[in-house]
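Undergrad: Got a sequence here, can you build the structure:
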Amino acid sequence: MSRAFTGKGDTGETGIWGGERLSKSDPLINAVGIIDEANACLGLTASFAKDPQILEALAYLQNVLFTAGAEVSSLYSTTNKSQTISQDHIGKIEAFIELFDSDLPQLKAFILPSGSAAVTSMHLARTVVRRAERAVVGTKIKDAGLLIKFLNRVSSLLFVMARYLNQKEGSSEQYPSYGA
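TA: Numbers count the residues shown, from 1 in each chain. This next block holds a predicted model:
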């Protein structure tokens, strides 16, 4: 990319994988945008985090989320499908979940998204990934099953990492009072 702008989106359309153009209000473009937003939240989280294992997991997630955005961009394409998210990606995320969850106490109630800036930004990223998952489901594309599973695991990993980091930082989990 040699220029910061092309002007091609000035009419309210944007290009997708394969060269087709869609309205920026299309559900698919919405899903791609939310994945991009989630990735930015992970970058913010990484700027607060200090733990090397957390930083490793965040770097992995950022790279794979970028790949997921490209895959979503290809879901409508009739000429160029990009099947990039694999069971291997999901397996690596599940391994991260097991790593961070291994010493955490079992949850018995919902928790509030609270703690340090790293923890709360991780919870924010988790909610944005959940929104991305709902947006991909909303495209109603049959080929998106593995991608939906991937996004579901990413949000689970972010939840577990937030709990792990809270515990490592010595913060106790806060529980909702339901109308205090």
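Undergrad: if I look at the residue positioned nearest the centre of the chain, how far off is Val72?
TA: For the chain, the residue sitting closest to the mean C-alpha position, by CA atoms, centre = their mean, is Val129 at 3.7 Å. With the distance defined as CB to CB, to the nearest Å, Val129 ends up 13 Å from Val72. Every C-beta, even on glycine, is put in place using the N, C-alpha and C of the backbone.
Undergrad: circling back: wait, the residue nearest to the centre of the chain sits on Ser155?
TA: Yes. Using CB atoms under 8 Å, Val129 makes contact with Ser155 at a distance of 4.3 Å.
Undergrad: just the strands in the chain please.
TA: Counting by DSSP state E, the chain has these strands, from start to end: 13-15, 21-23.
Undergrad: now the last one: mean pLDDT?
TA: It refers to strand 21-23. For strand 21-23, mean pLDDT rounds to 71.
Undergrad: Check the first one too.
TA: If you average the pLDDT over strand 13-15, you get 71.
Undergrad: Same question for stretch 160-180.
TA: The pLDDT scores in stretch 160-180 average 91.
Undergrad: Mind listing what's buried along stretch 149-161?
TA: Lys149, Phe150, Leu151, Arg153, Val154, Ser155, Ser156, Leu157, Leu158, Phe159, Val160, Met161 (16 or more other CB atoms under 10 Å).
Undergrad: Leaving out chain neighbours, which residue sits closest to the fifth one?
TA: By that I understand Val154. Val129 (5.0 Å; CB to CB, 6 or more residues apart in numbering).
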